[in-house]
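Colleague: Task: produce atomic coordinates for the following.
(2 chains)
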Number of protein chains: 2
Amino acid sequence: MRVLLPLLAWLVTLLACLSPGQVRADEGMWTFDNFPAAAVKRQYGADIPPAWLDHARRSTVRLSNCTGAFVSSEGLLLTNQHCIETCLAGLSSKDHSVLELGFAAPNRRAEQSCPDQRADVLIDSENVAPAIDKAVAGLADAAALAARKRTETALEEACERSSARSRSGPLHCEVVELYDGAQYFLYKYKRYEDLRVVFAPEADIAAFGGDPDNFQFPRWSLDFAILRAYEHGKPADTPEHLRIDFAGPSDGELVLVPGHPGSTARLRTRAELEFERDVVLPFTLLRTAELRGRVVQFGSVNPDNERLIRAPLSILENAIKVRRKQLDALHDDALLQDKARGEDQLRAAARLSGGDPWQEIQAAVARERTLYYEYTFFEGGAAFGSTLLHDARLLVRGADERAKPNIARLREFTDASLPEIQRELYAHVPVYAQLEVLSLSSSLERMREWLGPDQPVVHGLLAQESPDALATRLVAETKLDDAELRKQLWLGRKPAIDTSTDPMIEFARSVDGPSRSIRRRFEDEVEAPLAAASRRIAAARFAVYGTNEYPDANFTLRLNYGKVAGWQESGVAIAPYTELRQAFERATGYVPFKIPDSWMKVRAQLDMHTPFCLSTDNDIVGGNSGSPLIDAGGRLVGLVFDGNINSIAGHYRFDPANNRTIALHPAIMREALDKVYDLKWLLQELGAT
Amino acid sequence: MRVLLPLLAWLVTLLACLSPGQVRADEGMWTFDNFPAAAVKRQYGADIPPAWLDHARRSTVRLSNCTGAFVSSEGLLLTNQHCIETCLAGLSSKDHSVLELGFAAPNRRAEQSCPDQRADVLIDSENVAPAIDKAVAGLADAAALAARKRTETALEEACERSSARSRSGPLHCEVVELYDGAQYFLYKYKRYEDLRVVFAPEADIAAFGGDPDNFQFPRWSLDFAILRAYEHGKPADTPEHLRIDFAGPSDGELVLVPGHPGSTARLRTRAELEFERDVVLPFTLLRTAELRGRVVQFGSVNPDNERLIRAPLSILENAIKVRRKQLDALHDDALLQDKARGEDQLRAAARLSGGDPWQEIQAAVARERTLYYEYTFFEGGAAFGSTLLHDARLLVRGADERAKPNIARLREFTDASLPEIQRELYAHVPVYAQLEVLSLSSSLERMREWLGPDQPVVHGLLAQESPDALATRLVAETKLDDAELRKQLWLGRKPAIDTSTDPMIEFARSVDGPSRSIRRRFEDEVEAPLAAASRRIAAARFAVYGTNEYPDANFTLRLNYGKVAGWQESGVAIAPYTELRQAFERATGYVPFKIPDSWMKVRAQLDMHTPFCLSTDNDIVGGNSGSPLIDAGGRLVGLVFDGNINSIAGHYRFDPANNRTIALHPAIMREALDKVYDLKWLLQELGAT
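Modeller: Have a look, this model is predicted:
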């Protein structure tokens, strides 16, 4: 399971998904302020007191794309190898792939910077619903949406400004919407911006089983990596961290997972889910499958190409599997029938004044059907699949937006967001021209396929050139692969952008107008009425069912409780633990079932009965990758890296009988660091000796 | 619009589709024995007497994959360029692509053989329902299916044997099922096996607009080609042929289309359509999109590769567009709701004895969900995407089947079918090793993706090799690209196959057992109960609604009537004619919007107001490609080559307001043959001078 890597931002746009119950046993992505400790006590007899919650919260970090946990007092951070693939690729040269070969710092001085990563710890949160309510009171949908966004920017600006003056130092502030707008909080994070990689195993063992085994259990993927947070050039002081219990948890034992689940759609209406089933998922899947085909073929030509595609390919494969299984879930008519029944019940119970919000959503979704493809290709960037073009679009729009007062900007260009954009633009990440041409030409081609050659913007772009010729020319002639140039253009602001003759910048300028105009229509005609109606439904839900519910995931901090557990798959019992022995039995000698030489060499010394992975019934989704599995005593007893195949449907609803989390067992981490990678100094810092 | 080319048989399996109203104005794929001449008289005031019908029937041919029409007394055959792409590719060498450059015989002696094509003319038909009824009487579903197939073989065998002894010469005989088994006929065809290409334009003008314009109108694709049928080494004597009226038809004029529509699903039940929506179409689309990605990337490397992929790419693009729009059609809930309503009405009116056949179909479809993927990958060959492996599987299974009595064989290996198989195996068609590896490795990969690495057959094939390594080895080591070897193995029958050490043959042997076993389950558990229940529904439909209906298309001869007509697209009126002038306006200089040099050179001499294409409201689907458009006087006034985008939904139901046929205007054919290709002798034979 992977969430999307920010440095492959054009893939993110390719895979664009829309953003925005009755709770069953072990279900729930609870906010820390509403954790059902009483239910845990009833079910498991265990106390989860506020001090436990505070410790777990302060030990857990949000990475750029994943979760992680501090595991030493000097800033060691445990997460998944797949969460730092971009960092590892960035450390590579043409002749030496760190991603493929792994990385093991022989000592602290050898730890290597990961400029694309940062770690956020949630320090505090503040209820800002009153301020939002006040700002939008009495406004029509489109005006209310705009007013809310301005207010969010103002709140974040004030928060960051005041924290910068405070003794505890600057905080990063984000307004967070929960329960479809029934709650608004200001989240305040301490941010670590200097992360360095300490250890990552070879890709062949980290991703053992590859795409065939992704979302499968039993499983043998050594998907862990260790970073270290630095402050002021020195290892960060992290008294709040988790101690690892290398014995791991026992079958049936209570385990809790803090983390940052990326996105769920459990509160979405039937109309929205049908739109996802009929439009979003088929559209996304087809473009992703086609791009995978091109990438695979590119990689088949020679070993150099094969190395280049490894990281993007694993993202594409994961995205395809997730969306295929999401589509299957939506094709289960029972799910949509239950959804309709729930809506009828709530409608009957809620006595809503004014129009029927479900009908309003249906009407908004009908408008979305007419705008969705143009919105996704242009503003969403699905037509512009290139890292350099993505940077060009950031530069062009950033120049225009930064010329405005903070409060008047698009939300992704507010002062609070600029450091992340700068980090992205300034990063020295290798860009491969052939892959750029491949992906850009493919996405332009798909744009023409879906919108037709006579759509005005498409016609404007392609009337004189084929997609391939255009992509080849732009990539060949742009100089944007030079990080220094990107920095100059960013710092040069609007004058620099307006006078640039770089063809990628010129292209980005030419598509910015149409992109903004479809965005405006989309916000006014789709997003605003959806937001207004969703908020009314959320309010009705609170009124009828109380607050014994959890909000949909949105990459903010949550906590789930569950237990170590197998399940029944097609009538066959799946045991909750695997052993090292079975990995060697499964190996074919070919990727993705290839065990690296480092392991083959010490095979005789390994304890073949070392536990490798385990399954639990925790409720997680993408974004929880790298989450610690914590026991009632507060010790780390596993590292979440995946869910089973049934967990994918968890995007829409949780199935306690079959939805399972997959974690790495601490014992295999110790066995690997000790006998394969011989990192005694690291084991000592992790308290393993 | 394309039907699938037989020489790319692995693509056919990739694109496997299931085989199996109330009639509105101009709707209907009527059999010639049930043509509603009275309705035509009422609507258009025109007489379509039996002599007209006989003449049209005897002038129309079924090609391997399309329709065509005789247009001279000496065997000239008019069809689409896209119908003979495989033939043109087969005439090419590495340095000279006939497909790309076109072909124009300066005289008869220069006409070139198309060994993959044959032309069938329907001479006679005979009602054989009584014999089928007798054979299946009292049998349970699975036994009835088997008995029916044996009876069909016996009927065909007797027909071919007696015709071979008759004065009129041998006929090709096929049992044809109509109305889901409510009717059975024995169709008797005169077969022309020696077809030669006389003329085909360059691919750039034949497919002008390419995939972006495919299924679009207005349109400017010069999609015609001319073949000639030979008998005994001489031009065939074809007194029954159509005269061309180069003036074309006027707006609103009655036009009739005889032809061989390939497949429709208008009589399918709601349960079957839901299965197609949820399983068949997404599955097929995803594999096709991925393969297109690989093919496009392969073609992007250099001009040689680009040439190699042109034919398979156009098939893939067409298949994707068709299925995308079919999926859209099934996502229109109104269609399925109407279907359910119709079923309820028929159920209420029919007073069926025994179980409810719609429920039986639903139960069979539920079983199909569990068997479909293995069936399609193994028996359907979706896992084995390679022309050489396709041949190997034909050889292996053919050897086993031919050892049995004719009547006991699988239907595709009966004596009546063997000549086609032989033609395929013996043909000297260039096979490109790199494309073979690409497609085979891709399909093996998809097999593992969908069935999982632990499915027993998958595990058996891939436990020791990666998909890529296996595909590379098989293609590198097989000798099956030698047509002489294929012939030897075919003629050597079972002993030759059993002792062959060719790796492709060995591989085919290893998968034949599992393929047969899933086929047996599929036939017994899905096909047989579906057939039985469908037949009961068809009988009920006849009883309630009479015979004023037409059967679903199945690549047998049909006739439709309609008129020249534009339509309204999103509120904009689309006129029914285009002109040559507009093609030059649309050209970008890049494929697929590139006008070839041959046209650019004579641009000044061309009449820019020559009509190019026209649209009509005839009811056609894939397989009708190459159909003549005939006026009430029996003259050819157009050449069907496509439908508009709304015609794709016609697979499920006909929409008279928006479903349009697209035809080439005879005037542009004359203009091209005269001024661009300078083929006066051919124009003379076509009666144009």
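Colleague: Tell me how many other residues surround the closest residue to residue A:66 other than its chain neighbours.
Modeller: Nearest non-adjacent residue to residue A:66, counting by C-beta to C-beta, 6 or more residues apart in numbering or on different chains: residue A:83, 3.7 Å away. To be clear about C-beta, it is placed using only N, CA and C from the backbone, and glycine gets the same treatment. A count of nearby residues for residue A:83, using other C-beta atoms under 10 Å in any protein chain shown, gives 26.
Colleague: Kindly report the same for residue A:266.
Modeller: That count, for residue A:266 with other C-beta under 10 Å as the rule, works out to 18.
Colleague: And residue A:162, by the same measure?
Modeller: 12.
Colleague: if I look at it, how far off is residue A:124?
Modeller: Relative to residue A:124, residue A:162 is positioned 12 Å away (C-beta to C-beta, to the nearest Å).
Colleague: related to what we said a few turns ago, would you say the residue nearest to residue A:66 is within a strand?
Modeller: No: assigned with DSSP: H, G, I helix; E, B strand; the rest coil, residue A:83 falls outside any strand and is helix.
Colleague: Make sure it is actually in contact with residue A:63.
Modeller: Yes: with contact defined as C-beta atoms under 8 Å, residue A:83 reaches residue A:63; the gap is 5.9 Å.
Colleague: Need the overlap of contacts for those two.
Modeller: residue A:626 (C-beta atoms under 8 Å, 6 or more residues apart in numbering or on different chains).
Colleague: so what's the residue in the stretch 301-450 of chain A positioned nearest to chain B closest to, chain neighbours aside?
Modeller: Of all residues in the stretch 301-450 of chain A, residue A:331 sits closest to chain B, at 4.2 Å by C-beta to the nearest C-beta. Among residues not flanking residue A:331 along the chain, residue B:278 sits closest, at 4.2 Å (C-beta to C-beta, 6+ apart).
Colleague: One more: residue A:639?
Modeller: Here the nearest residue to residue A:639 in space, its sequence neighbours aside, is residue A:664; by C-beta to C-beta, 6+ apart that works out to 4.4 Å.
Colleague: What is the neighbour count of that neighbour?
Modeller: 28.
Colleague: Pretty sure residue A:612 sits in a helix.
Modeller: No: with three-state DSSP as the criterion, residue A:612 is located in strand rather than a helix.
Colleague: Show the pLDDT at it.
Modeller: pLDDT recorded at residue A:612 is 98.
Colleague: quick one: contacts for it?
Modeller: A:219, A:220, A:222, A:577, A:578, A:579, A:580, A:582, A:583, A:664, A:665, A:668.
Colleague: Provide the backbone phi and psi angles at the fifth one.
Modeller: When quoted as degrees, to the nearest 10, the phi and psi of residue A:578 stand at phi -120, psi 170.
Colleague: From what I see, the residue nearest to residue A:639 and residue A:637 are in contact.
Modeller: No: the pair residue A:664 / residue A:637 is not scored as a contact, 10.7 Å apart, by C-beta under 8 Å.
Colleague: hey, where'd the strands end up in the stretch 251-400 of chain A?
Modeller: Under the criterion DSSP state E, counting those that start in this stretch, the stretch 251-400 of chain A contains strands at A:254-259.
Colleague: burial measure for the residue in it positioned nearest to chain B, as a count.
Modeller: The stretch 251-400 of chain A approaches chain B most closely through residue A:293 (2.4 Å), counting by C-beta to the nearest C-beta. Residue A:293 has 26 neighbours, counted by other C-beta under 10 Å.
Colleague: Please apply the same query to residue A:459.
Modeller: 14.
Colleague: Now do the phi/psi pair for it.
Modeller: phi -60, psi -40.
Colleague: For the residue lying closest to it once chain neighbours are set aside, what is the enclosing helix or strand?
Modeller: Nearest residue to residue A:459 in three dimensions, chain neighbours excluded: residue A:453, at 6.5 Å (C-beta to C-beta, 6+ apart). When elements are assigned from DSSP states H and E, residue A:453 belongs to no helix and no strand.
Colleague: Show me what the host helix or strand of residue A:469 is packed against.
Modeller: Assessed by DSSP H and E, residue A:469 sits inside helix A:467-477. Applying 3 or more C-beta pairs under 8 Å, 6 or more residues apart in numbering or on different chains; DSSP states H and E, one finds that helix A:467-477 makes contact with helix A:387-402, helix A:433-451, helix A:503-522.
Colleague: mind redoing it with 7 Å?
Modeller: helix A:433-451, helix A:503-522 (3 or more C-beta pairs under 7 Å, 6 or more residues apart in numbering or on different chains; DSSP states H and E).
Colleague: any idea of the mean pLDDT in it?
Modeller: Mean predicted confidence for helix A:467-477 is 97.
Colleague: Per-residue pLDDT of the residue lying farthest from the centre of chain A, please?
Modeller: For chain A, the largest distance from the centre (C-alpha atoms, centre = their mean) belongs to residue A:604, which lies 38.9 Å off. For residue A:604, the model assigns a pLDDT of 97.
Colleague: and what of residue A:436?
Modeller: 97.
Colleague: likewise residue A:120?
Modeller: The model's pLDDT for residue A:120 equals 97.
Colleague: Surely residue A:171 touches residue A:186?
Modeller: No: look at residue A:171 against residue A:186 with C-beta atoms under 7 Å: they stay out of range, at 10.1 Å.
Colleague: nearest residue to the residue in the stretch 551-689 of chain A that chain B sits nearest to other than its sequence neighbours?
Modeller: Closest to chain B within the stretch 551-689 of chain A is residue A:590: 3.9 Å, counting by C-beta to the nearest C-beta. Closest residue to residue A:590 apart from its sequence neighbours, by C-beta to C-beta, 6+ apart: residue B:466 at 3.9 Å.
Colleague: Next one: residue A:502 from chain B, what distance?
Modeller: Distance from residue A:502 to chain B, counting by C-beta to the nearest C-beta, to the nearest Å: 24 Å.
Colleague: ok, now residue A:172?
Modeller: Where chain B is concerned, residue A:172 sits at a distance of 39 Å (C-beta to the nearest C-beta).
Colleague: cool, and residue A:142?
Modeller: 25 Å.
Colleague: List the residues that contact that residue.
Modeller: Shown in contact with residue A:142 (C-beta atoms under 7 Å, 6 or more residues apart in numbering or on different chains): A:524, A:528.
Colleague: redo that, cut-off 10 Å
Modeller: Contact partners of residue A:142, counting by C-beta atoms under 10 Å, 6 or more residues apart in numbering or on different chains, are A:520, A:523, A:524, A:525, A:527, A:528, A:529, A:531, A:532.
Colleague: What parts of the stretch 501-650 of chain A come near chain B?
Modeller: A:586, A:588, A:589, A:590, A:591, A:592, A:593, A:594, A:645 (C-beta under 10 Å from any C-beta of the partner chain).
Colleague: tell me the two of those residues that are most distant?
Modeller: A:589 and A:645 (25.7 Å; C-beta to C-beta).
Colleague: out of those two, which sits in the busier spot?
Modeller: Neighbour totals were compared for residue A:589 and residue A:645, and residue A:645 leads with 19 against 11 (other C-beta under 10 Å).
Colleague: who's in contact with the nearest residue to that one once chain neighbours are set aside?
Modeller: Distances taken as C-beta to C-beta, 6+ apart put residue A:215 closest to residue A:645, at 4.8 Å, once the chain neighbours are dropped. By C-beta under 10 Å, 6+ apart, the residues touching residue A:215 are A:1, A:318, A:321-322, A:325, A:642-648, A:662.
Colleague: Perfect, that will be all.
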